[in-house]
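Novice: build me a structure from this.
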Amino acid sequence: MAGIKGKQITTGADAVATANLVDGIFSATVAGRLKTATNYFDETTFSDKVAANAIIAAKLKLTGQTYDFSTATALRAAAPVAGSDVTTRTYVDALINGLTWQPAVATMYYIGTRTVVQINALTPLAGWSTVAGTAGTPTAGTSDALAIGDLAEFDGTSWKQIVTNSGGFPPNLTRATVAWPLAAVLFSPLTDGTDEGKVAQWDGTSLTPVLTTSLDGWAITCKGASTNPPTAFNENKQFAFTGVVPNGSWNQNGGPIPYGTGVVDVGIANAPGASSDLARVDHVHRSPKPYTGDKAQAPTVTSGNFSSTGITITVTPALDGDVAVYVMGIRATVGDGNRNNAGDFTNNVECYFSADGGTTPRAISAIVAGDTLYWNGTHAGYDLAVTDEVDIDYETF
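Specialist: Below you'll find the model as predicted:
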């Protein structure tokens with residue numbers, strides 16, 4: 001090519017115009033390949049082609065394939081703000097740190113799968129739940145009609161459907177807590193003495209659930225029916241498991257108080273040292289107030305120490321409160337479980353209460369209605385006469 005000159009090429013309709021040829025544009029490489037002179041390419045055309053086929057990072061989209069960043073170390077993300085933002089492991093770990101999450105259960109006290117005939121033969125307690133093995137309407141109260149696979153719960157009067165079946169089985173991920181002490185017996189597919197307290201979960205393809213052993217410290221919230229006000233017995237209550245299956249138990253540790261329910265109806269009926277989740281109607285919070293009935297009492301004549309005044313305290317004092325005795329307006333020292341010495345002072349007890357003829361003095365916190373007041377005339381320096389006025393001051397409910 002080096003020997004070709006512009007004027008040596010014939011021009012024509014299919015030929016190269018001589019005006020477009022410049023000497024030295026083409027040359028040969030060492031390997032004999034054709035190359036173009038530097039800076040001679042049409043830059044405008046090249047730039048246009050690059051712009052039309054450029055990859056913009058903000059619009060990067062790979063259809064039908066997967067981005068694999070498993071070997072990369074440079075991919076980073078900030079803490080998410082919008083709902084569609086990606087997040088980091090640090091952000092997620094911080095949210096779930098210390099949590100042992102157990103999904104909400106549909107109800108408590110699952111006793112097993114029962115046909116409607118078998119359901120009618122039960123003597124259920126409020127909160128019992130069962131999966132219907134046949135279709136029909138239980139006869140208790142105004143029970144709901146049940147289809148096979150429905151989860152029903154007894155509300156104390158009637159059987160109510162709280163989870164509707166899906167294709168004849170409890171829906172996938174339906175959960176219930178196996179009964180522990182509220183059911184005297186468990187039914188198929190449950191086993192007495194083994195399954196109490198476990199969590200049952202259905203997969204949407206069977207009436208038989210998978211049972212998971214509850215662990216000490218698990219906490220759950222009962223989902224129940226989606227009605228307002230709630231109709232499920234344990235709806236929206238929180239329970240925590242303590243102990244070891246099957247001897248452990250789910251204990252309520254939280255739950256809503258329905259609007260309009262008075263405090264008197266949500267107390268706990270507990271004996272000393274015991275616990276219960278049963279409401280009592282007499283759980284009333286009252287404040288003590290001064291009692292005005294034991295004023296200006298006339299004593300019998302006393303003689304020396306440990307002598308009965310014939311005066312009894314009318315009402316048991318509130319909350320183990322203080323009891324004060326006044327003779328003609330002057331306060332006397334009351335024995336607190338003793339009838340001679342109060343503290344470091346010798347023979348300074350002037351009076352005390354007793355229920356056994358004055359032999360055993362009451363502690364002030366143990367004084368009850370009917371206890372008799374005894375007078376120590378020797379300690380006080382004087383005996384009482386019928387003309388004296390004795391006041392007993394204390395608080396009562």
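
Novice: where in the protein is pLDDT low?
Specialist: Applying pLDDT under 70 to the chain flags the ranges 1-26, 34-75, 94-107, 182-184, 224-231, 255-286.

Novice: so which elements touch the longest strand seen in it?
Specialist: Using DSSP state E, we find that the single longest strand of the chain is strand 107-114. With contacts taken as 3 or more CB pairs under 8 Å, 6 or more residues apart in numbering; DSSP states H and E, strand 107-114 sits against strand 129-132, strand 175-178. For the C-beta atoms, the positions are set from N, CA and C on the backbone; glycine is no exception.

Novice: highest mean neighbour count out of the ones you listed?
Specialist: Most buried of these by mean neighbour count (mean count of other CB atoms under 10 Å) is strand 129-132; its value is a mean of 28.

Novice: which residues are contacting that strand?
Specialist: Residues outside strand 129-132 that contact it (CB atoms under 8 Å, 6 or more residues apart in numbering) are 106-116, 119, 146-154, 162, 165, 170, 176, 187, 207.

Novice: same thing but at 7 Å, please
Specialist: 107, 109-114, 116, 119, 146-153, 170, 176, 207 (CB atoms under 7 Å, 6 or more residues apart in numbering).

Novice: repeat that for stretch 377-389.
Specialist: 296, 298-305, 307, 309, 327-328, 332, 347-350, 375.

Novice: list the buried residues in that stretch.
Specialist: 377, 379-380, 383-384, 388 (16 or more other CB atoms under 10 Å).

Novice: give me the secondary structure label for A140.
Specialist: Under DSSP: H, G, I helix; E, B strand; the rest coil, A140 falls in the coil class.

Novice: touching, it and K160? I think so.
Specialist: No - at 10.2 Å, A140 does not count as touching K160 under the criterion of CB atoms under 7 Å.

Novice: which residue of these two possesses the greater neighbour count?
Specialist: Between A140 and K160, K160 has the larger neighbour count (other CB atoms under 10 Å), namely 23 against 17.

Novice: please report how far that one lies from T130.
Specialist: Distance, K160 to T130, using CB to CB, to the nearest Å: 12 Å.

Novice: between the two, which contacts overlap?
Specialist: Common neighbours of K160 and T130 (CB under 7 Å, 6+ apart) are A152.

Novice: quick one, phi/psi of G204?
Specialist: Per-residue torsions, G204: phi 80, psi 0 (degrees, to the nearest 10).

Novice: nearest residue to it in space, please, no chain neighbours.
Specialist: Leaving aside its sequence neighbours, G204 sits nearest to N172 (CB to CB, 6 or more residues apart in numbering; 3.3 Å).

Novice: how much space between that neighbour and I111?
Specialist: As judged by CB to CB, N172 and I111 stand 22 Å apart.

Novice: between those two, who's got more neighbours?
Specialist: For N172 versus I111, neighbours defined as other CB under 10 Å are more numerous around I111 (23 against 12).

Novice: correct me if wrong: the more buried one contacts W128.
Specialist: Yes - using CB under 7 Å, I111 is in contact with W128, at 5.5 Å.

Novice: which stretches of this structure form helices?
Specialist: 43-52, 89-96, 116-120, 377-380 (DSSP state H).

Novice: domains for the protein, by residue range?
Specialist: 1-99, 101-254, 289-396 (automatic domain parsing).

Novice: just the ones you listed: most buried one?
Specialist: Compared across the domains of the chain, domain 101-254 shows the largest average neighbour count, a mean of 18 (mean count of other CB under 10 Å).

Novice: so who does E196 touch?
Specialist: 178-180, 245-246.

Novice: and with 8 Å instead?
Specialist: E196 makes contact with 178-181, 186, 245-247, according to CB under 8 Å, 6+ apart.

Novice: would you mind putting those residues into TSV with distance to K198 alongside?
Specialist: Below are these laid out as TSV (distance: CB to CB, whole Å):
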residue	distance to K198
V178	5
A179	10
W180	9
P181	14
L186	10
V245	6
P246	8
N247	12
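
Novice: now the two most distant members of these.
Specialist: Put simply, by CB to CB the two of the contacts of E196 set farthest apart are L186 and N247, 14.6 Å from each other.

Novice: hmm, F239 and Q252 touching each other?
Specialist: Yes - contact criterion CB atoms under 8 Å: Q252 and F239 qualify, at 5.4 Å.

Novice: just confirm V349 contacts A332, I think it does.
Specialist: No - V349 is beyond contact range of A332, at 9.1 Å (criterion: CB under 8 Å).

Novice: tell me which of the contacts of E196 is nearest to G193?
Specialist: Distance to G193, by CB to CB, is smallest for P246 among these, at 6.1 Å.

Novice: how close does the closest one get to E196?
Specialist: The gap separating P246 from E196 is 4 Å, by CB to CB.

Novice: with M328 instead?
Specialist: Distance of M328 to E196, given as CB to CB: 68 Å.

Novice: repeat that for R339.
Specialist: Taking CB to CB, one finds R339 at 56 Å from E196.

Novice: what's the answer for A385, then?
Specialist: Going from A385 to E196 by CB to CB gives 71 Å.

Novice: list the contacts of the residue lying closest to Y109 once chain neighbours are set aside.
Specialist: For Y109, ignoring the flanking residues on the chain, the nearest one in space by CB to CB, 6+ apart is A179 at 4.1 Å. By CB under 8 Å, 6+ apart, A179 lies in contact with 108-111, 128, 186, 196.

Novice: phi, psi of A179?
Specialist: Backbone torsions for A179, taken as degrees, to the nearest 10, come to phi -60, psi 150.

Novice: residues in contact with P138?
Specialist: Counting by CB under 8 Å, 6+ apart, the residues that P138 touches are 116, 119-120, 146, 152, 158-159.

Novice: from the residues you listed, which is closest to L211?
Specialist: A152 (19.6 Å).

Novice: so the closest one makes contact with T164?
Specialist: No - with contact defined as CB under 8 Å, A152 does not reach T164; the gap is 10.4 Å.
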